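Chemist: coords please:
(one chain, ligands or ions: 1)
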Amino acid sequence: MTTRKELKRYNMANDDLCTLCSNPDSIEHTFLNCHNSMYFYNLTLRCFNGMHNIEIDLSGDQFVCYMFMENGSLSNLTPLQKCRLDILLVYQKQYICNCEVLEKNLNLDEFTNKIFLQWKLENYSTL
Ligand SMILES: [Zn+2]
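Modeler: Here you go, the predicted structure:
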């Protein structure tokens, strides 16, 4: 994944500032410290919870590395919900980095459309 820090290092950007909040950008900033990224994580997780009528709550660290940790609230997920959450968390990171590189605003409608399409593809791939 690429942030503005890497783009600046390779002279592909004029500055290394996060396009979402104007603070110095890095992987750590994007995934742990950027308040706009964190807001987007939580917004998409609330949508996920609402769609599946569940109540998952992840901290900032858990958003980044939840696949490697035990979380009691995840043990109640069905295999389909777990698969969808895996996809959601991977695509969140990819979408946020892409928006930063392309200097686009985070757009919940655009993101959810991409997620719904990916979930459909995952369903077909398991048939
Ligand atoms: Zn930021």
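Chemist: Show the pLDDT at the residue positioned nearest the centre of the chain.
Modeler: Most central in the chain under Cα atoms, centre = their mean is Gln92, positioned 1.9 Å from the mean C-alpha point. Looking at Gln92, its pLDDT is 90.
Chemist: Please enumerate residues in contact with the host helix or strand of it?
Modeler: Here Gln92 sits within helix 79-102, counting by DSSP states H and E. Helix 79-102 is contacted from outside by 1-4, 7, 18-20, 25, 30-31, 37, 40-41, 44-45, 48, 52, 54, 56, 63, 66-67, 74, 77, 104-106, 111, 114-115, 118-119, 122, using Cβ atoms under 8 Å, 6 or more residues apart in numbering. Glycine gets a C-beta too; all of them are placed from N, C-alpha and C.
Chemist: ok, of these, which come out buried?
Modeler: By neighbour count, with 16 or more other Cβ atoms under 10 Å, those hold 3-4, 7, 18-20, 25, 30-31, 37, 40-41, 44-45, 48, 56, 63, 66, 74, 77, 106, 111, 115, 119 as buried.
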